[in-house]
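>>> only geometry, no sequence info:
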């Protein structure tokens, strides 16, 4: 029960159905999901561990508030850690897993043609997480699956950021896979770090433009 509630709440927070900064009412959620407070609190504890909600003594739980600086900090972390993950993926991924990356890129190419917004919110992260899983490093995998990727999806949905470099980013994904296929860990690390750095700079530019418009 806690798993189901956690998943539903997670999606509601990421997609903005439960807005950033809003207070979490345990009694209201218990009624909505038809569960006791025990499983609900377990679900909320998991969301807190994912940094999607924050709890304050004598105040209660709230959905995290979003700040541009926090997003940029996440990208800086990704530059280092995902670069390392790509290097390890080149060393540890099986040929079958690399072929599955090729299939994923083919799927993403069709998604980009049909609906760029879906690709940017979901497909892009799917590619990056497959690389992290390919590192075969349990600590890296836990860090991204339990923390960073949920926050990135949250920002992408709620800031409504539509990148102007979708096709370029997709091509960069292909180059990263080629380096992994060649078992060139150094090149894979360089390409992944540069790829995320380019995305970060693009995000910073969009955030600056957004703040200029709203100020």
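All right, it came through fine. Owing to the predicted nature of the structure, the values given are computational and were not obtained by experimental measurement.
>>> okay, which residue is most central for this protein?
The chain has residue 149 as the residue nearest its centroid, 2.4 Å off, counting by Cα atoms, centre = their mean.
>>> wait, it touches residue 127, no?
No - applying Cβ atoms under 8 Å, one finds residue 149 not in contact with residue 127, separated by 11.4 Å. In this view, the C-beta of every residue, glycine as well, is placed from N, C-alpha and C.
>>> before we move on, back to that, which SSE is the closest residue to the residue nearest to the centre of the chain other than its chain neighbours in?
Leaving aside its chain neighbours, residue 149 sits nearest to residue 125 (5.5 Å; criterion: Cβ to Cβ, 6 or more residues apart in numbering). Assigned by DSSP states H and E, residue 125 belongs to helix 124-134.
>>> in terms of secondary structure, what does that helix contact?
Packed against helix 124-134 by the contact rule (3 or more Cβ pairs under 8 Å, 6 or more residues apart in numbering; DSSP states H and E) you find helix 68-92, helix 95-114, helix 138-143, helix 149-159, helix 166-181.
>>> who's in contact with residue 18?
By Cβ atoms under 8 Å, 6 or more residues apart in numbering, residue 18 lies in contact with 9, 12, 24, 63.
>>> list the contacts of residue 38.
Per Cβ under 8 Å, 6+ apart, neighbours of residue 38: none.
>>> mind checking how far it is from residue 180?
Per Cβ to Cβ, to the nearest Å, residue 38 is found 44 Å from residue 180.
>>> with residue 70 instead?
For residue 70 relative to residue 180 (Cβ to Cβ), the value is 30 Å.
>>> which one's more surrounded, those two?
Remark: of residue 70 and residue 180, residue 180 carries more neighbours, 27 against 13, as counted by other Cβ atoms under 10 Å.
>>> tell me, how many residues neighbour the closest residue to the more buried one other than its chain neighbours?
Sequence neighbours aside, residue 90 is the residue nearest to residue 180 in space, at 4.6 Å (criterion: Cβ to Cβ, 6+ apart). Residues contacting residue 90 under the criterion other Cβ under 10 Å number 26.
>>> give me the nearest residue to residue 49, chain neighbours excluded.
Closest residue to residue 49 apart from its sequence neighbours, by Cβ to Cβ, 6+ apart: residue 146 at 6.4 Å.
>>> pretty sure the one you found contacts residue 52?
No - in this structure, residue 146 is not within contact of residue 52 by Cβ under 8 Å, at 10.5 Å.
>>> I'd like the distance between the closest residue to residue 182 other than its chain neighbours and residue 106.
Residue nearest to residue 182 in three dimensions, not counting chain neighbours: residue 90, with 7.7 Å by Cβ to Cβ, 6+ apart. Separation of residue 90 from residue 106 (Cβ to Cβ) stands at 21 Å.
>>> hmm, back to that, could the helices and strands packed on helix 124-134 be laid out in JSON lines, adding distance to residue 208 and mean pLDDT?
Formatted as JSON lines, the helices and strands packed on helix 124-134 follow (distance: least, Cβ to Cβ, whole Å; pLDDT from 0 to 100):
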{"stretch": "helix 68-92", "distance to residue 208": "9", "mean pLDDT": "93"}
{"stretch": "helix 95-114", "distance to residue 208": "26", "mean pLDDT": "90"}
{"stretch": "helix 138-143", "distance to residue 208": "28", "mean pLDDT": "92"}
{"stretch": "helix 149-159", "distance to residue 208": "13", "mean pLDDT": "77"}
{"stretch": "helix 166-181", "distance to residue 208": "20", "mean pLDDT": "93"}
